[in-house]
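Asker: can't give you the sequence, but here's the structure:
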């Protein structure tokens with residue numbers, strides 16, 4: 001199962017960085033600097049890219065504090081002159097350090113240059129939320145990058161007070177996922193040009209129905225489109241042609257289409273009037289004046305909803 005493999009990989013990388021920094025702490029800095037560099041580069045990489053949310057987002061901070069404590073204790077510890085520097089390890093240590101440092105830098109910069117942006121209010125309002133997939137293209141938005149126009153798409157899940165997105169690491173019960181059945185509010189004024197909710201929700205991990213069988217809404221404005229997908233079966237409140245206002249309830253989060261678990265998929269595109277929304281240039285979304293990257297937590301502003 002993908003979830004368990006990703007979690008196991010995160011734990012393995014974290015333990016490897018802790019092992020390396022502990023080994024380096026036993027030797028003089030002059031003899032262990034390349035091991036320390038490798039440990040730090042792995043730790044930063046897995047701190048950013050680790051799938052900590054499958055346990056709790058707070059495990060990320062526990063790991064970070066533990067790594068820093070071992071690193072600082074290693075610098076402060078008095079060491080004896082033990083053994084010689086193993087020069088044959090320096091080159092591979094440097095090669096892997098450069099690799100992990102490069103991936104960590106690309107986490108922030110992406111590979112798409114400076115994207116055009118669109119400012120939207122956050123479309124969910126209950127608690128804290130989490131970017132399960134997102135970023136400025138490769139490598140952080142890997143799963144979306146291959147789809148037309150989805151290089152800045154965002155997948156959002158909801159967190160409880162313990163930093164969990166579900167009651168279990170993985171569950172086949174839709175109700176175990178905290179975002180399931182959440183109300184989605186329109187992030188802009190516009191007209192509904194697509195409204196589908198005839199597709200049944202998948203039971204995780206089944207996603208054989210594919211991306212074309214997702215319940216979704218497209219909102220068109222004068223300058224951009226907003227596409228939201230994986231909505232609940234019979235859980236869309238609007239019809240094609242409806243005029244909606246910012247903050248108006250438009251549907252419920254579900255698990256339809258090509259999805260492993262319940263979440264809200266959202267992406268935005270320019271509206272030049274030249275072609276269909278999905279062929280227009282993608283836009284990088286800023287929620288409430290701030291952009292978000294992979295595995296970041298969102299604490300949405302509480303805004304007044306549209307009154308019926």
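Answerer: Structure received. Given the structure is predicted, the values throughout are model-derived calculations rather than measurements.
Asker: What about residue 171, how many residues nearby?
Answerer: Applying the criterion other CB atoms under 10 Å, we find 15 residues in the vicinity of residue 171. Every C-beta, even on glycine, is put in place using the N, C-alpha and C of the backbone.
Asker: name the element the closest residue to residue 138 other than its chain neighbours belongs to?
Answerer: When the adjacent residues along the chain are set aside, residue 138 lies closest to residue 111, with 4.5 Å between them (CB to CB, 6 or more residues apart in numbering). Secondary structure here is read from DSSP states H and E; on that basis residue 111 sits in neither a helix nor a strand.
Asker: tell me the strands in this structure, going along the chain?
Answerer: 117-120, 128-133, 154-159, 183-185, 190-196, 216-220, 224-229, 231-236, 243-244, 249-253, 264-270, 282-287, 290-291, 297-298 (DSSP state E).
Asker: Let me see the ranges of the helices in the protein.
Answerer: Using DSSP state H, the helices of the chain run over residues 2-24, 29-49, 58-76, 90-109, 142-145.
Asker: which ones are touching residue 101?
Answerer: Taking CB atoms under 8 Å, 6 or more residues apart in numbering as the criterion, residue 101 is in contact with 41, 44, 45.
Asker: tell me the contacts of residue 55?
Answerer: Residue 55 makes contacts with 7, 164, 169, as judged by CB under 8 Å, 6+ apart.
Asker: Considering the residues you listed, which possesses the most neighbours?
Answerer: Highest neighbour count within these, by other CB under 10 Å: residue 164, with 22 neighbours.
Asker: Just give the closest residue to that one, not the sequence neighbours.
Answerer: The shortest distance from residue 164 to any residue other than its chain neighbours is 5.4 Å, reached at residue 56 (CB to CB, 6+ apart).
Asker: Could you save the strands of the chain as TSV and add columns showing distance to residue 21, mean neighbour count and mean pLDDT?
Answerer: Written out in TSV, the entries for those read as follows (distance: least, CB to CB, whole Å; neighbours: other CB atoms under 10 Å; pLDDT from 0 to 100):
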stretch	distance to residue 21	mean neighbour count	mean pLDDT
strand 117-120	38	17	97
strand 128-133	28	21	97
strand 154-159	29	24	98
strand 183-185	43	20	97
strand 190-196	51	18	98
strand 216-220	46	22	98
strand 224-229	42	23	98
strand 231-236	45	20	98
strand 243-244	52	16	98
strand 249-253	40	22	98
strand 264-270	38	24	97
strand 282-287	35	21	97
strand 290-291	32	13	94
strand 297-298	26	17	96
